[in-house]
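Undergrad: Model the structure of this input:
(one chain, ligands or ions: 1)
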Amino acid sequence: MRENLLLNKVAIVTGGTRGIGRSIVMALAKEGADCIFTYLQNRDLAEPLVDEVNRIGRRALPLQMDVADFENSKIIIEKVKETFGRLDILINNAGIIRDKSLMMMSKDDWSAVIDTDLTGVFNTTRACIITFLKQKSGNIINISSVNGVHPLPGQVNYAAAKAGVIGFTKSLAREVAPYNIRVNAVAPGFIETDMTKELDQGHRKKFLDMIPLGKFGTAEEVAQTVIFLASDKSHYITGQTIQIDGGLGM
Ligand code: NDP
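TA: Here you go, the predicted structure:
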């Protein structure tokens, strides 16, 4: 039998109730890790996920938390230490879209996406970094997007936030490398989750035609790359952004 890649590690996953975050929580558990996962409002989805994690013999703790709220995000590090006594991996996954042409985009549309998708990464990482620095180990994985590298029209807020996450990842990777802390990002393309469910058939067909592998990806495929980055299999990799996009952004 293959050895678990993350046996007894402890992780934080922001936005764990649905989509990519949910797959990451399950993949962590299957590799032997326990985790705290956050959500914004879907408490009803949190409890069944805890049960699923428990069924494979690991622990998970749900935490309602708005990543855009700096003060609120400090709670997470207290909770993780209180519950599990340690922290090894931080996965900044929570994110939203509010796609519109710039002409139709309100200040609220801009701020909501920047505050959640970019400032949210700052807030949670800021809350956890002292623990990582003190213990001289840690692993941070940020979920960016192919739109942060090769943006599509109609989402200047999202493209700016996700490109910002890549810059954040590189700068922090240099800053904390001497402390044995790695920082990487993944940039998914079109992944089948609630976020892409809203696409009408016309757009879906157009995007499928742009993807060399000819299909949307799954949340599980993103989770597997995150597990690789979270594990010692990638111990010489830092400051990188891995595109998981069926070739869309090459
Ligand atoms: P979903 O919309 O399926 O899930 C989003 C998750 O984030 C939910 O758990 C939600 O909680 C949580 N969340 C949203 N806002 C906040 C907040 N302010 N504070 C805390 N938690 C929050 O998203 P996906 O799984 O599709 O996307 C996950 C990440 O991957 C995002 O960063 C997204 O930008 C990125 N991504 C997704 C792609 C895709 O095609 N799906 C492509 C490229 C990148 P709740 O359930 O309570 O609402």
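
Undergrad: I141 is in contact with L90, isn't it?
TA: Yes - the pair I141 / L90 is scored as a contact, 7.3 Å apart, by CB atoms under 8 Å. For every residue, glycine as well, the C-beta is placed using N, CA and C.

Undergrad: OK, contacts around G249?
TA: 146, 149-150, 187, 189, 243 (CB atoms under 8 Å, 6 or more residues apart in numbering).

Undergrad: tally of neighbours for S171?
TA: Per other CB atoms under 10 Å, the neighbour tally for S171 reads 12.

Undergrad: How about the one 4 residues further on?
TA: The burial metric for E175, expressed as a neighbour count using other CB under 10 Å, is 13.

Undergrad: thinking again about what came up before, quick one, which of I141 and L90 is more surrounded?
TA: L90 (29 against 26).

Undergrad: Can you turn the buried subset of the contacts of G249 into a selection I can paste into ChimeraX?
TA: Remark: buried members of the contacts of G249, expressed as a ChimeraX selection using 16 or more other CB atoms under 10 Å:
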select :146,149,187,189,243
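
Undergrad: and stretch 239-250, what's its mean pLDDT?
TA: Taken as a whole, stretch 239-250 has an average pLDDT of 97.

Undergrad: and if you look at stretch 51-61?
TA: 98.

Undergrad: Strands of the protein, residue ranges please.
TA: Per DSSP state E, the chain carries strands over the ranges 10-13, 34-39, 60-64, 89-92, 138-143, 181-188, 241-244.

Undergrad: Quote the end-to-end distance of stretch 66-79.
TA: Across stretch 66-79, the terminal residues are separated by 15 Å (CA to CA, to the nearest Å).
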